[in-house]
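Visitor: build me a model from this:
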Amino acid sequence: MATDAKEGGQELVFHPMDQFIVKPLFGDGPVGLFTVTNVTFWMVLTVLAIVGLLVLGTSGRATIPNRTQSVAELAYGFIRKMVEDVAGKDALPYFPYIMTLFMFIVFSNFLGLIPGAFTTTSHIAVTAVLAMLVFVAVTVIGFVKHGAGFLGLFWVGAAPLPLRPILAVIEVISYFVRPVSHSIRLAGNMMAGHAVIKVFAAFAPLVLISTGIGLVVTPLSILAITAIYALEMLVAFIQAYVFTILTCVYLKDALHPAH
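Guide: Modelled structure (predicted):
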């Protein structure tokens, strides 16, 4: 998508979706299977940031924690309580995986707010892999724990008998739609917010093209960018939280499939 604005022989062109293009990190060639891209670079930075917080930041394990250790312990306690409250104590063995999911998503979201950064969670290719891993994991756990009894998840025993087959079909469809909604929700929210910021940012230098209009539009654009950026910081955390808590809900269904 491109938007043009012409004034006084000058032209303002901006492409809000260009920030989501996957490019080789070195050179301008095509992107292949083993090409190191901007996505790869920011994923590596995400992993390094998580390691820095959870491993290096807690290596000292002081009785009176420093700021880094406090943040790491806060994240640990927050996710552990979420898993226990939503999925139950028998879900705690899967806590490390859920903690890893949350930390990866929240760090990817916040690193993507750095000007010039690439938001990896804005790509459906990334979020779809995360969602499919959750879907496959909880399905395998359900069948390993309960065998054929896991199919009870789709049989609404409390409903009238004539309605149960219809509800079973609806339950099966909704179950297989989970990874789609799980992935699109995260990618869509991250992409939309960044695109809106880019649109308003394109109007900020309008004062350089047209002094009359720019004196009004430029300050409003900067104000809008500031407000949306603050909102995106909140969205970055909320989307990681939503993805994680839905994972806990799906895990609960796998551990306790009976309606």
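Visitor: residues in contact with residue 107?
Guide: 46, 49, 50 (CB atoms under 8 Å, 6 or more residues apart in numbering). Quick note: C-beta positions are derived from backbone N, CA and C, even for glycine.
Visitor: and residue 189, by the same measure?
Guide: With contact set as CB under 8 Å, 6+ apart, residue 189 has these partners: 235, 239.
Visitor: so it is in which element?
Guide: Element membership of residue 189, judged by DSSP states H and E, is helix 164-203.
Visitor: and if you look at residue 48?
Guide: Assigned by DSSP H and E, residue 48 falls in helix 38-51.
Visitor: which helices and strands sit right next to that helix?
Guide: Under the contact criterion of 3 or more CB pairs under 8 Å, 6 or more residues apart in numbering; DSSP states H and E, helix 38-51 touches helix 95-111.
Visitor: run the chain-centre distance for the helix it packs on.
Guide: Taking CA atoms, centre = their mean, to the nearest Å, one finds the center of helix 95-111 at 9 Å from the center of the full chain.
Visitor: sorry, back to before: can you pull the buried residues of the helix holding residue 48?
Guide: For helix 38-51, the neighbour count (16 or more other CB atoms under 10 Å) marks 38, 39, 40, 42, 43, 45, 46, 49, 50 as buried.
Visitor: torsion angles phi and psi at the closest residue to residue 54 other than its chain neighbours?
Guide: Leaving out its chain neighbours, the residue that sits closest to residue 54 by CB to CB, 6 or more residues apart in numbering is residue 72, at 5.3 Å. When read as degrees, to the nearest 10, the backbone of residue 72 gives phi -60, psi -40.
Visitor: what number of residues lie near residue 72?
Guide: 21 (other CB atoms under 10 Å).
Visitor: test my guess that it contacts residue 56.
Guide: No - here residue 72 lies out of contact with residue 56, judged by CB atoms under 8 Å, at a distance of 9.7 Å.
Visitor: contacting residues for residue 236?
Guide: Contacts of residue 236 (CB under 8 Å, 6+ apart): 106, 109, 110, 112, 113, 190.
Visitor: now, which of the contacts of residue 107 sits nearest residue 255?
Guide: Nearest to residue 255 out of the contacts of residue 107 is residue 50 (CB to CB; 26.7 Å).
Visitor: which pLDDT value belongs to the nearest residue to that closest one once chain neighbours are set aside?
Guide: Of all residues not flanking residue 50 in the chain, residue 103 sits nearest, at 4.9 Å (CB to CB, 6+ apart). Looking at residue 103, its pLDDT is 96.
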